[in-house]
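> Pasting the sequence and the predicted coordinates here, then a few questions.
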Amino acid sequence: MRVIGSSTFRSSPRLSELLVHLVEQTLAGHADRLKGYAIALDVFGRDEGFDAFSDSIVRVQMARLRKALVEYYGGEGARDPARIVLSRGSYVPSLELAAALQQPASDGDDAAAAEPEVAAGAQLPLEAAERTGSAALEAGDVEDASPEPSPSAGATEALLPSTASPGKRRAWILLAVLALVSALVIIYWPGELRDTVVSRAGEMPRGPTVYVAPYSLTGGTAQAVHVRDGFQYDLVNYLSQLPNLAVIGLDPRGLSPTMERRARTAPRGSTFVLQGAILISGDKFRVNSSLVRVPGGVVVWSESSDLMTVEPSRILQMQADIALGVASRLGQPYGVIHETMRHDLENHRSLSMDDYFCELEAFQFMREKRPETLPPVKECLTRAVARQPNYSNAWALLSWIHTHQAVSSGAGASREALDAAERAVAANATNAQAYQYLAIARFHNGDFVAAREAIGKALAISPNNAEILAEASRLLGVLGEHDNAPALAEKAISLNPGHPAWYWSGLTIDALYRRDGQKAVRYARLGADDYGLIPRYLLASALALNQQPKQAESVLVQAAKDFPKVARDRRELIREMHMPEFISGPLEAQGLLGG
């Protein structure tokens, strides 16, 4: 707390709040969203009508913050091992090593030529400072920059002299990283140091819990049901980007009668219910929404729209307006929602309802996986991206379709899936779903490091989205991140009580890794209702681990019948699907992979 607790910052709570916000957003992976508009909304309480040309609040306060940091490091913070730097023209903070970390040269050691050097005054992005070990520095995260001058920034000697031995140099690199991490503690609230994006995503938010109930629907056609379902899906997506808000949403597609009855009441733990009604008449629609406190039933916010034409941009605008209203009423920073909304509206500006229905029908296929509906859905998405090359959601869904087809044929890898996902991300850098499907495509193409990076980005954008959490759980579980994967799955299931069957895959994979046969079978049986190929192999592995080889063989035989394009060589299929040894091992041990 040395920076925030210093006399310089104690006298200005607003500057303290601004500094903490900039650092928190950077560490959460939202550095690309630190724009003047979002800061004005999130820190200074401006509304959506904020105009930077007529209101200079952000520019003025950023100038004051830079001046306050210079003042602090020229006085109370002069001996700090690292400095927070805010370069002019940027809202993204970085850390600068101070001269105090210099290590004297060691006589007689001359084996340093192959080691990188880190200079005092070099800047390290905050994201890099979170990574431990020497890899963060050796990978090139430190760049020589010309930071704003500060009274203690004059040293230019090498931090790690070239005469130091490799062992000593590594030790000093580690010391430098520890010093940088300790600098983060200085500006954080007492006792808090943020963990990685993934581990943070596994924790339930500390703020209120909002249950997004399915909106009632009056009038319209069968397509209107798609609109209603998509409306709830997008509302959950918008609200899930708020880091301190838990969002519960029952999946509206394919709910059992029991779950439909449950959907009328808030799940246990909810503190608010967002509910409403959609009225569709011809080509016009109106939406009424209210946020109700539970228990008690007190309406704390409500909004009724005008009668509007049914078109994608209007629907998205209404969804975003509702999400912004809820976030504002609950005291949540909503600049992130507005930034996403801006990109979404740009993507959907000239979109037709036919194209929009392609997106909604693709979501329905993902839930039901009825083979006969795949060709028209794929063709529809292909036409949509041909007409609208920047249609990020359609590119993302097309990527998922390509991957699904590749996996169903036993291939896994798909260049088409990878290309489509990359187009989705390029079209909209705030689309968490696009990064989710990019992670899947990269994994199946064997690029595991890039897959981790993409799913981490998806979690950074939308840390409370059940779909992304469930996907991250099974992906990271297969990639060996067993400390984080189960928590992600448990959180996903709690945020979507009516979730699709595949959400259980993460817990199945975790149970297989921990050699718990009974749990593995229980979770795998729940997940097998997904009708996919991989859940069948997870169930077979679980049964084999639980000493039920006959049942495991029966599952594999049925899988071969249901997926006739898959190679008969089970061992080859496991290699193609990149299944780790703890999944294939039980099948091998029971002699179920053939000769």
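Alright, I've got the coordinates.

> Just give me the residue closest to the centre of the chain.
For the chain, the residue nearest the mean C-alpha position is residue 459 (1.5 Å; CA atoms, centre = their mean).

> Kindly format the C-alpha coordinates of stretch 74-81 as PDB.
Provided in PDB are the C-alpha atoms of stretch 74-81 (Å, rounded to 0.1, in the frame of the first residue of the first chain):
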ATOM      1  CA  GLY A  74      10.800  11.700  -6.200                       C
ATOM      2  CA  GLY A  75      10.000  11.500  -2.500                       C
ATOM      3  CA  GLU A  76       8.500   8.700  -0.500                       C
ATOM      4  CA  GLY A  77       8.900   6.100  -3.300                       C
ATOM      5  CA  ALA A  78      12.500   7.000  -4.200                       C
ATOM      6  CA  ARG A  79      13.700   3.600  -2.800                       C
ATOM      7  CA  ASP A  80      11.000   1.500  -4.400                       C
ATOM      8  CA  PRO A  81      12.600  -1.400  -6.400                       C
END
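
> What residues sit buried inside that stretch?
Buried residues in stretch 74-81, counted by 16 or more other CB atoms under 10 Å: 76-77, 80-81. Quick note: C-beta positions are derived from backbone N, CA and C, even for glycine.

> ok, of those residues, which one's closest to residue 488?
Closest approach to residue 488 among these (CB to CB): residue 81, at 34.3 Å.

> Distance of residue 362 relative to residue 523?
27 Å (CB to CB, to the nearest Å).

> what about residue 422, how many neighbours?
Neighbour count for residue 422, taken as other CB atoms under 10 Å: 17.

> which strands and helices sit next to the helix or strand harbouring it?
Assigned by DSSP states H and E, residue 422 belongs to helix 415-427. Under the contact criterion of 3 or more CB pairs under 8 Å, 6 or more residues apart in numbering; DSSP states H and E, helix 415-427 touches helix 392-408, helix 432-444.

> Let's see that with 10 Å instead.
Packing contacts for helix 415-427, counted by 3 or more CB pairs under 10 Å, 6 or more residues apart in numbering; DSSP states H and E, involve helix 335-348, helix 374-387, helix 392-408, helix 432-444, helix 448-461.

> Any chance of a markdown table for these, columns mean pLDDT?
Shown next, in a markdown table, are these (pLDDT from 0 to 100):
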| stretch | mean pLDDT |
| --- | --- |
| helix 335-348 | 65 |
| helix 374-387 | 94 |
| helix 392-408 | 94 |
| helix 432-444 | 96 |
| helix 448-461 | 92 |
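
> Export these as CSV, with columns for distance to residue 207.
As requested, these are exported to CSV (distance: least, CB to CB, whole Å):
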stretch, distance to residue 207
helix 335-348, 14
helix 374-387, 36
helix 392-408, 28
helix 432-444, 19
helix 448-461, 18
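
> Out of these, flag the one nearest residue 9.
helix 335-348 (22.4 Å).

> Buried residues, the next helix or strand after the closest one. List them.
Moving toward the C-terminus from helix 335-348, the next helix or strand (DSSP H and E) is helix 353-368. Neighbour counts over helix 353-368 (16+ other CB under 10 Å) mark 353, 355-367 as buried.

> Check stretch 9-29 too.
Those would be 9, 15-29, for stretch 9-29 by 16+ other CB under 10 Å.

> follow-up on the earlier one: and the direction of the helix holding residue 422 versus that of helix 448-461, what angle?
40 degrees (axes from the mean of the first three to the mean of the last three CA atoms, to 10 degrees).

> Helix 415-427 - what's its average pLDDT?
The predicted model gives helix 415-427 an average pLDDT of 95.

> Tell me how far that helix lies from the chain's centre.
Relative to its parent chain, helix 415-427 has a centroid offset of 17 Å by CA atoms, centre = their mean, to the nearest Å.

> what do you get for stretch 369-384?
So, by CA atoms, centre = their mean, the centroid of stretch 369-384 is 27 Å from its chain's centroid.

> Kindly report the same for stretch 32-43.
How far stretch 32-43 lies from its chain's middle: 19 Å, per CA atoms, centre = their mean.

> what does stretch 398-416 give?
22 Å.

> Pull out the CA atoms of whichever strand or helix holds residue 84 and give them to me as PDB.
Per DSSP H and E, residue 84 falls inside strand 82-85. Provided in PDB are the C-alpha atoms of strand 82-85 (Å, rounded to 0.1, in the frame of the first residue of the first chain):
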ATOM      1  CA  ALA A  82      10.300  -0.700  -9.400                       C
ATOM      2  CA  ARG A  83       8.200   2.200 -10.600                       C
ATOM      3  CA  ILE A  84       4.700   2.400 -12.200                       C
ATOM      4  CA  VAL A  85       5.000   4.200 -15.500                       C
END
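
> you'd agree the residue nearest to the centre of the chain is up against residue 201?
Yes. Counting by CB atoms under 10 Å, residue 459 touches residue 201, with 4.3 Å between them.

> Need the residues touching each of those two.
28, 465, 468-469, 472, 484, 488 (CB atoms under 10 Å, 6 or more residues apart in numbering).

> From those, which land in helices?
468-469, 472, 488 (DSSP state H).

> Would you format the residues you listed as a markdown table with neighbour count and pLDDT included?
Listed next are those as a markdown table, based on neighbours: other CB atoms under 10 Å; pLDDT from 0 to 100:
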| residue | neighbour count | pLDDT |
| --- | --- | --- |
| 468 | 25 | 95 |
| 469 | 29 | 96 |
| 472 | 29 | 97 |
| 488 | 31 | 96 |
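
> Switch those residues over to JSON lines; also include distance to residue 274.
Listed next are these as JSON lines, based on distance: CB to CB, whole Å:
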{"residue": "468", "distance to residue 274": "20"}
{"residue": "469", "distance to residue 274": "20"}
{"residue": "472", "distance to residue 274": "25"}
{"residue": "488", "distance to residue 274": "24"}
